[in-house]
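> Sequence first, predicted coordinates after that:
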Protein chains: 2
Amino acid sequence: MNDTIALLQNHRSIRKFKDTVIPEEQIKQIVLSGQAASTSSNIQAYSVVVVKDPVKKQKLSELSGNQQQIVESPVFLIWLADLNKIQTAIRLHEDVELKQNVETFLLGTIDATLAAQNAAIAAESLGYGIVYIGGIRNNPQQVTELLELPPLVYPVFGLSIGVPDQEPDLRPRQPLEAVYHEETYHNERVVSAIRDYDEVTRHYYATRKGGVGRGGEQETIWSREMLRRFNSDRQRGHLHGFLTDRGFELK
Amino acid sequence: MNDTIALLQNHRSIRKFKDTVIPEEQIKQIVLSGQAASTSSNIQAYSVVVVKDPVKKQKLSELSGNQQQIVESPVFLIWLADLNKIQTAIRLHEDVELKQNVETFLLGTIDATLAAQNAAIAAESLGYGIVYIGGIRNNPQQVTELLELPPLVYPVFGLSIGVPDQEPDLRPRQPLEAVYHEETYHNERVVSAIRDYDEVTRHYYATRKGGVGRGGEQETIWSREMLRRFNSDRQRGHLHGFLTDRGFELK
């Protein structure tokens, strides 16, 4: 164990922030740390928009399911899968369209995610709290217009950064056996690992402190939450249409 | 600047490893660090297979474009987007299929990537070198058979970890202006940012030391490399068919 591993393993999402300003030099170091992450064959098929403007944060909050932490956080980063940069680079040489499929979509998505996670860790190492906002995909077309995103760019998620104004419990993760397999995938162990985790989460959900945007105490277990979530039609069914409208090919 | 940010910004991919064994306790800490990463609504829709068996690593190397670093690295982690776990959890309550679309595909992919990047940083903090292996998507069906992956699971990428046996140059990233936008996306700046980066990479490609799996000195620039790469049909066109065969819906 070292300080970096302790930092990683001490992560909890922060959903309530003080209105302390983050110095520009620190924002720059956070983004540069993101840029230092691995990128597939150095294509760097991502970019990031920083939003500090309160009016714009308010709009983004409304578009993301009224997540108040977006308004409260002094810095809101929207991470973008960006094939526009690649297309622009190609057009400096030949007037052709880049060849796309689900692989190129993945390249941008993975590059953006690797960079964002490095930035999140850099922010946490500076004492800030962070939370990812997948809700940015609730209304991606409106987000696209607000941020003036060109075609071949889509918002993967947001990242709120600020000084924490809460100390949430560490959320227990799945037991190692549910996640980690040696040499082959051991599907025969998955049910018992889920049942073990269900018992851990039964206690967690029953006793956790309710934070902003969280439910507070509930009688539930993890597997039941998965049923509730994935047996509904609330799964951003607009996303495929949005992505193809913006020029992504998912073939 | 602090030690963690210095670690992040000092990242370079390592493609040549000593055959030093990584203690089991450290592998565990690396995976636990991965598990501590953010996950969308705590779904933890990913898992990881560790491969240490030399015969299996040799096969995975052949399936990934003969990347020798897979064979050399003592620990090869294959990160999986895993909706099988979610489906299994749901079936503990009701005999229904989880509802899928491109959003659920993204959830698993992003969860796997966040966890992997945390694991990569944990490994680097322990003095190991890492390299991501996107080539694991070259022959995903064969990888699936070799690792006995159930349906609704796909290999996103591999991650080789080991004691570095090379000191590659730090690869220059794009200038901040190519990546970082304030308040809105500034598309009008992208061409000049790419041209600036092209000059930086002209020097880098011309003078870099050739490492394992790298080309060595070349007369090229970044934007030309993008043309070469994205104007070809080498874009893993099999991936869509593979993913739908494995039960993923990309609608």
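Perfect, thanks for sending it.

> From now on I want contacts and neighbour counts done on CA atoms only, so please keep to that.
Fine.

> Could you list the low-confidence segments of chain A?
Across chain A, the ranges flagged by pLDDT under 70 are A:209-216, A:234.

> domain assignment for chain A?
As recorded under automatic domain parsing, the domains making up chain A are A:3-168+A:235-245, A:176-230.

> mind listing the helices for chain A?
Along chain A, the segments classed as helices by DSSP state H run A:3-9, A:24-35, A:54-63, A:68-72, A:84-91, A:102-125, A:140-146, A:176-179, A:190-207, A:222-230, A:239-245.

> In JSON lines: those, plus mean neighbour count.
Below are these laid out as JSON lines (neighbours: other CA atoms under 10 Å in any protein chain shown):
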{"stretch": "helix A:3-9", "mean neighbour count": "19"}
{"stretch": "helix A:24-35", "mean neighbour count": "20"}
{"stretch": "helix A:54-63", "mean neighbour count": "18"}
{"stretch": "helix A:68-72", "mean neighbour count": "25"}
{"stretch": "helix A:84-91", "mean neighbour count": "22"}
{"stretch": "helix A:102-125", "mean neighbour count": "25"}
{"stretch": "helix A:140-146", "mean neighbour count": "17"}
{"stretch": "helix A:176-179", "mean neighbour count": "20"}
{"stretch": "helix A:190-207", "mean neighbour count": "17"}
{"stretch": "helix A:222-230", "mean neighbour count": "20"}
{"stretch": "helix A:239-245", "mean neighbour count": "16"}
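
> Switch those over to TSV; also include distance to chain B.
Shown next, in TSV, are the helices of chain A (distance: least, CA to the nearest CA, whole Å):
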stretch	distance to chain B
helix A:3-9	5
helix A:24-35	5
helix A:54-63	8
helix A:68-72	14
helix A:84-91	5
helix A:102-125	6
helix A:140-146	7
helix A:176-179	4
helix A:190-207	7
helix A:222-230	5
helix A:239-245	6
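
> looking at those, which is closest to B:L243?
helix A:102-125 (9.7 Å; CA to CA).

> on that earlier part again, switch the helices of chain A over to TSV; also include distance to B:G127.
Shown next, in TSV, are those (distance: least, CA to CA, whole Å):
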stretch	distance to B:G127
helix A:3-9	12
helix A:24-35	18
helix A:54-63	40
helix A:68-72	36
helix A:84-91	34
helix A:102-125	17
helix A:140-146	40
helix A:176-179	23
helix A:190-207	32
helix A:222-230	36
helix A:239-245	40
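
> looking at these, which is closest to B:H181?
helix A:24-35 (10.7 Å).

> which helices and strands does the closest one pack with?
helix A:102-125, helix B:3-9 (3 or more CA pairs under 8 Å, 6 or more residues apart in numbering or on different chains; DSSP states H and E).

> Let me know the angle separating that helix from helix A:102-125.
Here helix A:24-35 points in a direction 140 degrees away from that of helix A:102-125 (axes from the mean of the first three to the mean of the last three CA atoms, to 10 degrees).

> Can I get helix A:24-35 as PDB, trimmed to CA atoms?
Extracted as PDB, the C-alpha positions of helix A:24-35 are listed here (Å, rounded to 0.1, in the frame of the first residue of the first chain):
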ATOM      1  CA  GLU A  24      -6.900  28.000 -13.100                       C
ATOM      2  CA  GLU A  25      -3.400  26.500 -12.700                       C
ATOM      3  CA  GLN A  26      -4.900  23.500 -10.900                       C
ATOM      4  CA  ILE A  27      -7.600  23.000 -13.600                       C
ATOM      5  CA  LYS A  28      -4.800  22.900 -16.100                       C
ATOM      6  CA  GLN A  29      -2.900  20.300 -14.100                       C
ATOM      7  CA  ILE A  30      -6.000  18.200 -13.800                       C
ATOM      8  CA  VAL A  31      -6.600  18.300 -17.600                       C
ATOM      9  CA  LEU A  32      -2.900  17.700 -18.400                       C
ATOM     10  CA  SER A  33      -3.000  14.700 -16.100                       C
ATOM     11  CA  GLY A  34      -6.000  13.500 -18.200                       C
ATOM     12  CA  GLN A  35      -4.000  14.000 -21.300                       C
END
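
> Report the distance from it to the chain centre.
Distance of helix A:24-35 from its chain centroid, counting by CA atoms, centre = their mean, to the nearest Å, is 17 Å.

> ditto for stretch A:15-28
Using CA atoms, centre = their mean, the offset of stretch A:15-28 from its chain centre is 18 Å.

> Give me the contact list for that stretch.
A:68-69, A:72-75, A:129-131, A:162-166, A:211-213 (CA atoms under 8 Å, 6 or more residues apart in numbering or on different chains).

> One more pass at 7 Å, please.
The contact list for stretch A:15-28 (CA atoms under 7 Å, 6 or more residues apart in numbering or on different chains) reads A:69, A:72-74, A:131, A:162-166, A:212.

> separation between A:A112 and A:Q44?
8 Å (CA to CA, to the nearest Å).

> Now do the contacts for A:I130.
Here A:I130 is in contact with A:13-14, A:120, A:159-162 (criterion: CA under 7 Å, 6+ apart).

> I'd like to know how far it sits from B:V21.
35 Å.

> Over to A:M226?
38 Å.

> Tell me how far stretch A:164-180 lies from the chain's centre.
Taking mean C-alpha positions (CA atoms, centre = their mean), stretch A:164-180 and its chain are 16 Å apart.

> what about that stretch, how long is it end to end?
32 Å.

> Enumerate the positions of that stretch that are buried.
Neighbour counts over stretch A:164-180 (16 or more other CA atoms under 10 Å in any protein chain shown) mark A:164, A:168, A:171, A:173-174, A:177-180 as buried.

> if we look at that stretch, which residues are touching it?
Stretch A:164-180 is contacted by residues A:12, A:14, A:16-18, A:128-129, A:190, A:193-194, A:197, B:35, B:47-49 when judged by CA under 7 Å, 6+ apart.

> With stretch A:225-236 instead?
A:138, B:86, B:89-90, B:98-99, B:103.

> Stretch A:198-205 now?
A:217-223.

> Contact partners for A:G108?
A:G108 touches A:45-46, A:81-83, counting by CA under 7 Å, 6+ apart.

> Tell me the one among the residues you listed nearest to B:Q142.
A:A45 (27.7 Å).

> So the closest one sits against A:A81, correct?
Yes: counting by CA atoms under 7 Å, A:A45 touches A:A81, with 6.1 Å between them.

> Kindly export the strand ranked longest in chain A (C-alpha atoms) in PDB.
When chain A is parsed with DSSP state E, its longest strand is strand A:153-162. Once non-C-alpha atoms are left out, strand A:153-162 reads as follows in PDB (Å, rounded to 0.1, in the frame of the first residue of the first chain):
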ATOM      1  CA  VAL A 153     -18.400  14.600 -31.200                       C
ATOM      2  CA  TYR A 154     -20.600  13.300 -28.400                       C
ATOM      3  CA  PRO A 155     -20.700  14.000 -24.600                       C
ATOM      4  CA  VAL A 156     -19.800  10.700 -22.900                       C
ATOM      5  CA  PHE A 157     -20.300  12.000 -19.300                       C
ATOM      6  CA  GLY A 158     -19.800  15.000 -17.100                       C
ATOM      7  CA  LEU A 159     -17.400  15.300 -14.200                       C
ATOM      8  CA  SER A 160     -18.200  17.700 -11.300                       C
ATOM      9  CA  ILE A 161     -15.100  18.900  -9.300                       C
ATOM     10  CA  GLY A 162     -15.100  20.900  -6.100                       C
END
